[in-house]
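Asks: Any chance you can model this:
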Amino acid sequence: MINLENIHSLTDFRRNASNYVEQINETKAPVVLTVNGEAAVVVQDARAFQEMLNRLQQLEDELNYLKLETLRQEIQKGVEQAERGELLDGEEIMARLHSRLQEL
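Replies: So this is what the prediction gives:
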């Protein structure tokens, strides 16, 4: 989360870059730099940034795994229904899909 006290102008950052870098390295907190009063860039400790990227990749991997697992379960459910003879013809499937779309 961005601390509102860590928002500074790019001009101030340029004047005091070494102080800001020292602060960022010590606190691991990002600093938002503004240009003309609007947020323009975020400066962050390299290790903290890499950890954030690693966590994001981990979450994306977990999400993809869950999506694939859900798909696998749905396919298995369809196979089991087919084995029990619970099949629908194309017209029935299209009618059900059309009905569901109308409900949205």
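Asks: For the rest of this, base every contact and every neighbour count on C-alpha atoms.
Replies: OK.
Asks: Who are the contact partners of Ile75?
Replies: Applying C-alpha atoms under 8 Å, 6 or more residues apart in numbering to Ile75 gives no contacts.
Asks: Tell me the spacing between it and Glu86.
Replies: Note on Ile75: its distance to Glu86, by C-alpha to C-alpha, to the nearest Å, is 14 Å.
Asks: from the chain's centre, how far out does stretch 28-36 sit?
Replies: Here the centre of mass of C-alpha atoms in stretch 28-36, compared against the chain's by C-alpha atoms, centre = their mean, to the nearest Å, lies 21 Å away.
Asks: In that stretch, which residues are buried?
Replies: Buried residues in stretch 28-36, defined by neighbour count with 16 or more other C-alpha atoms under 10 Å: Lys28, Ala29, Pro30, Val31, Val32, Leu33, Thr34.
Asks: element containing the fifth one?
Replies: If you go by DSSP states H and E, Val32 is part of strand 31-35.
Asks: how about the helices in the chain?
Replies: 10-15, 17-27, 46-83, 90-103 (DSSP state H).
Asks: Good, we can wrap up now.
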